[in-house]
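Peer 1: Fold the stuff below for me.
(chains A and B, ligands or ions: 2)
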Amino acid sequence: MSLFRRHSFSHGVHPPAHKDGTAQMPIRRLPFPPQLILPLGQHIGAPAKALVSKGQEVVRGQPIASAAGAVSVPLHAPATGQVLRIESVPTSRGTREPAIILNVYEASTQEVLWQQPRHLDGMSRDALLQAIQDTGLVGLGGAAFPSHIKLRIPDDKRVDTLVINGCECEPYLTCDHRIMLECPDDLIRGIQLAMQASGTRQAIIGIEDNKMDAVNLLAEHLKDIPHISVQAVETKYPQGSEKMLIKSLLDREVPAGGIPADIGVVVNNVGTMAALGQLLPRGEGLIERVITVTGPGIERQGNYRVPLGTPIGFILEQAGYEGGANEFILGGPMMGPAVSSLDTPITKGTSGLLVLNEPQVRKESRPRWACIKCGHCVSACPMHLNPAWLGQLAAAGEYARMSESANLEHCFECGCCSYVCPSNIPLVQYFRIAKAINREQAA
Amino acid sequence: MSIELRTTPHLHAPDNVIIIMRNVVFALLPICAWSVWQFGISALALILTTLASCLITERLFNPRNTLGDWSAAITGLLLALTLPPAFPLWMAAVAGFVAMALGKLLFGGLGMNVFNPALVGRAFVQAAFPVAITTWTPALFEGRFREFIPTSFTLPFTIPPAVAEWNSRVAIDGFTGATPLGLHKFEGVSTPVLDLFLGNAAGSAGETSALIILLGGLYLAARKFLDWRIPLFVLLGAGLTAALFHALDPQQYPSAPFMLFSGGLMLGAWFMATDMVGSPVTPWGVVVYGLLIGVLTIIIRLFGGLSEGVMYAILLGNAATPLIEQFTQPRVFGEKRS
Ligand code: SF4
Ligand code: SF4
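Peer 2: Ligands and ions are numbered 1, 2, ... in the order given. Take a look at the predicted model:
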């Protein structure tokens, strides 16, 4: 690695950050809503299996659903209360999925009443991974991939480095930034535990250089801690995508179609590591998370610690929603889905609630032109695909060819191409549809 | 309250097609102004004629009303700039019609065309009116803002009057009725490179001042409205090829600076080869495409029957674009080069 190498990757885009409104706001708690909506599938993999039934009382922290297989995690009650019913609810994925609806006891102290403190020193890696699974922890950056799976290194792979993703490259979001500033000890403990679980020798925290306060603070905390370092990387979207971050920090390229473990790396996000450091020693389950509530439609923008299952309508009330806004996005504006119902709950993978008001939405919905072959999308695609060509194939309905010759499956839907396209062609949407159709054809 | 459901990404970069096209028009305006300064009201009439002809054709034959995207205006301006300043106006109108109708609308409008429409129009009149398109008038003659050059108002389907006599009346410094390229190719006379650079020589309406073209092009490149690699490699290809031949026989073949600053090369490199629709989108594609156009320009100039070559070179480049793209698809991130 050269001394003068810029810590970055090629291509990508520079959307305006919009982080000023919340970056300086300490994490606060919101009150408990009267009801929590807890989908059983809050992670990638098999949805959890409900352990409770209608009418049953549960205490805060108690497991209410168990992992349904290896790639699955349990779910814990985020509040003391009573199970109202189990029914299908709309989720951010646009589908309806079974969920436990929990009535929150207003009079309860809402202390965590379920814990299994653990002695982690000298624990075997398998036991540690099992303990991680028991916390119900998944990637909190948005992917919601079960953490114990991520940290379990396949037998045929040798992994040397744990990369910690502190980029938070999506505009508007600042929850990871606040966690790094406010919970450095949890974060570092989590990283140490993750290193132990994955058997990695070193860990590098990558943080975008628009958060130098976090870089400096962590560097200070890590002074006497061996094998963990922090590194500033260029502020650029999608710096926080696994492959881009590994390229920036280690100058290694994950092989096309491969996973980070193929080149000896495993990646986790800072929020996840901080949660691990907090939950694992106490043997608690993941019952709440920090989200950024922001956007031109919100009066009291900020970073809030909310119980899982809190409906976004309740958050809007609490944060002073001015009304009239008409787009609600779960996560950041580049990759976060817009939701159609204010009953949609915050789940493990929700990193933010962004409200774009009418003027903003109107500004963004503009006419569409034919592709003028400007090539901006090609220069923006971090995967070095040719979105213009993919778009033309999609328009012609040649979905199979998109996979066979234009590398459709390497697209991870980061949205850079759509972001820059002067013709406003919904490229990512095309690619999503094409992938879905190809999957159906294959099935 | 209405809830909007748009797909990701929810943010969008500020530039759009209209802004890009409008800025290309802005960058062309100083070149037009210089042309009017040099050639007077004849050039102005020429520019307005092709502009009107292109806009009207687009309006009449494109079912979607697309005048607002400014692309027809670009074609109109560019076309005028490639024609002799005193080109008969009715022929210019025909060129504008052909540029839009055959060069663009036949293919399906903006984004669908294969060739640069302005060059299609220009190529058509080159074939149809070979005399008029090689009839040149002197720059900066005295009465240029008072009188039209006689050929401008040639009636349709009549032969333009010979301007030799008119030329000798208004000419400064014994104007011969040839461009620097023609002078060199057919008469072995060189024009000082500085005159070419600043634009004090005869030629098509808009190709004379390399300096102004360069400024407009650099503005567009700075705002990412054109791909700077294309003019760079066109000029590199042309410059190297010219230098090679010049080194072989300095008597017969002009120097690289002369070749770079004469004729339509500058205008072509910055404003026509860069036409987004006809040029490749792949990073290596633009390199190949640029070099190809540059080399071809010089080869045609030196060995073809015409003194100018950039027009055909760009049209050939446009034609080769799909093939070039096919062989220069980017290497997917994480894929080993095979
Ligand atoms: S969405 Fe896909 S094609 Fe578009 S820039 Fe991202 S990876 Fe490339
Ligand atoms: S950015 Fe849009 S207009 Fe430009 S080449 Fe890509 S798809 Fe075409």
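Peer 1: Quick one: name whatever helix or strand follows the helix-or-strand element of chain A with minimal mean pLDDT.
Peer 2: None of the helices or strands of chain A scores lower by mean pLDDT, DSSP states H and E than helix A:358-364, at a mean of 68. Per DSSP states H and E, the first helix or strand lying C-terminal to helix A:358-364 is helix A:376-380.
Peer 1: Against which helices or strands is that following helix packed?
Peer 2: Applying 3 or more CB pairs under 8 Å, 6 or more residues apart in numbering or on different chains; DSSP states H and E, we find helix A:376-380 packed against helix A:387-395, helix A:416-420. No exception for glycine: its C-beta is placed from N, CA and C like everyone else's.
Peer 1: if you set the cut-off to 6 Å instead, what comes out?
Peer 2: helix A:416-420 (3 or more CB pairs under 6 Å, 6 or more residues apart in numbering or on different chains; DSSP states H and E).
Peer 1: buried stuff in the helix it packs on?
Peer 2: Within helix A:416-420, the residues that qualify as buried are A:C416, A:C417, A:S418, A:Y419, A:V420, counting by 16 or more other CB atoms under 10 Å in any protein chain shown.
Peer 1: how many neighbours does whichever residue of chain B sits closest to ligand 2 have?
Peer 2: Residue of chain B nearest ligand 2, by CB to the nearest ligand atom: B:V281 (5.4 Å). Neighbours of B:V281 under the rule other CB atoms under 10 Å in any protein chain shown: 24.
Peer 1: so where is the chain shaky, pLDDT-wise?
Peer 2: Unless you meant another one, I'm taking chain A. Low-confidence segments of chain A (pLDDT under 70): A:1-5, A:325, A:361-365.
Peer 1: oops, I was thinking of chain B
Peer 2: Chain B contains residues with pLDDT under 70 at B:1, B:170-177, B:198-201, B:208, B:337-338.
Peer 1: Mind doing that once more with 80?
Peer 2: B:1-6, B:63-68, B:138-143, B:150, B:155, B:158-180, B:182-203, B:205-208, B:305-307, B:336-338 (pLDDT under 80).
Peer 1: got the residues of it near chain A?
Peer 2: Contact residues (CB under 6 Å from any CB of the partner chain) of chain B with chain A: B:2-13, B:15-17, B:20, B:110-111, B:276-277, B:281, B:330, B:332-335.
Peer 1: Buried ones among these?
Peer 2: B:4, B:6-13, B:15-17, B:20, B:110-111, B:276-277, B:281, B:330, B:332-335.
Peer 1: Sticking with A:T347, tell me its helix or strand.
Peer 2: For A:T347, there is no enclosing helix or strand under DSSP H and E.
Peer 1: any idea whether the residue nearest to it when sequence neighbours are not counted is helix, strand or coil?
Peer 2: Distances taken as CB to CB, 6 or more residues apart in numbering or on different chains put A:Q42 closest to A:T347, at 4.2 Å, once the chain neighbours are dropped. Secondary structure for A:Q42, judged by DSSP: H, G, I helix; E, B strand; the rest coil, is coil.
Peer 1: what residues are up against A:Q360?
Peer 2: A:P296 (CB atoms under 6 Å, 6 or more residues apart in numbering or on different chains).
Peer 1: The closest residue in space to A:A394 that isn't next to it in sequence: how many residues sit nearby?
Peer 2: Excluding its sequence neighbours, the residue lying closest to A:A394 (CB to CB, 6+ apart) is A:Y430, at 3.9 Å. For A:Y430, the tally of surrounding residues (other CB under 10 Å) stands at 23.
Peer 1: Equivalent analysis for A:G166, please.
Peer 2: 29.
Peer 1: From chain B, how far out is A:L151?
Peer 2: 22 Å (CB to the nearest CB, to the nearest Å).
Peer 1: let me redo that: A:Q110
Peer 2: Distance of A:Q110 to chain B, given as CB to the nearest CB: 31 Å.
Peer 1: Residue of the stretch 1-150 of chain A nearest ligand 1, please.
Peer 2: Using CB to the nearest ligand atom, the closest approach of the stretch 1-150 of chain A to ligand 1 is made by A:H11 at 7.8 Å.
Peer 1: what's the helix or strand for that residue?
Peer 2: Here A:H11, judged by DSSP H and E, is contained in no helix and no strand.
Peer 1: check contacts around the nearest residue to it once chain neighbours are set aside.
Peer 2: Using CB to CB, 6+ apart and skipping the chain neighbours, the partner closest in space to A:H11 is A:P382 (4.8 Å). By CB under 6 Å, 6+ apart, the residues touching A:P382 are A:H11, A:G12, A:P238, A:M244.
Peer 1: Which of the residues you listed ranks first by neighbour count?
Peer 2: Going by other CB under 10 Å, A:M244 tops those with 29 neighbours.
Peer 1: wait, what's in contact with that one?
Peer 2: By CB under 6 Å, 6+ apart, the contact set of A:M244 is A:F9, A:P238, A:P382.
Peer 1: and which of these is nearest B:T82?
Peer 2: Set against B:T82, the nearest of the contacts of A:M244 by CB to CB is A:P382 (39.6 Å).
Peer 1: Report the secondary structure state of the closest one.
Peer 2: Secondary structure state of A:P382, per three-state DSSP, is coil.
Peer 1: To what extent is residue 127 buried, counted in neighbours?
Peer 2: Going with chain A. Counted with other CB under 10 Å, the neighbours of A:A127 add up to 13.
Peer 1: You answered for a different chain; I wanted chain B.
Peer 2: B:A127, neighbours per other CB under 10 Å, totals 8.
Peer 1: Look up phi and psi at it.
Peer 2: Note on B:A127: backbone dihedrals following degrees, to the nearest 10 are phi -80, psi -40.
Peer 1: can you check B:A43 too?
Peer 2: Dihedral pair for B:A43: phi -70, psi -40, per degrees, to the nearest 10.
Peer 1: OK, contacts around it?
Peer 2: Contacts for B:A43 (CB under 6 Å, 6+ apart) come out as B:S35, B:V36, B:P85, B:A205.
Peer 1: Could you find the closest non-adjacent residue to A:Q196?
Peer 2: Nearest residue to A:Q196, sequence neighbours excluded (CB to CB, 6+ apart): A:L128, at 6.2 Å.
Peer 1: List the contacts of A:H43.
Peer 2: Applying CB under 6 Å, 6+ apart, the residues near A:H43 are A:V73, A:V138, A:A144, A:P146.
Peer 1: Run through the bridge partners of the second one.
Peer 2: In this structure, A:V138 has the following beta-bridge partners (DSSP bridges): A:P146.
Peer 1: Around it, count how many other residues there are.
Peer 2: Neighbourhood size, A:V138 [other CB under 10 Å]: 26.
Peer 1: which ones are touching it?
Peer 2: By CB under 6 Å, 6+ apart, the contact set of A:V138 is A:H43, A:A144, A:P146, A:S147, A:K348.
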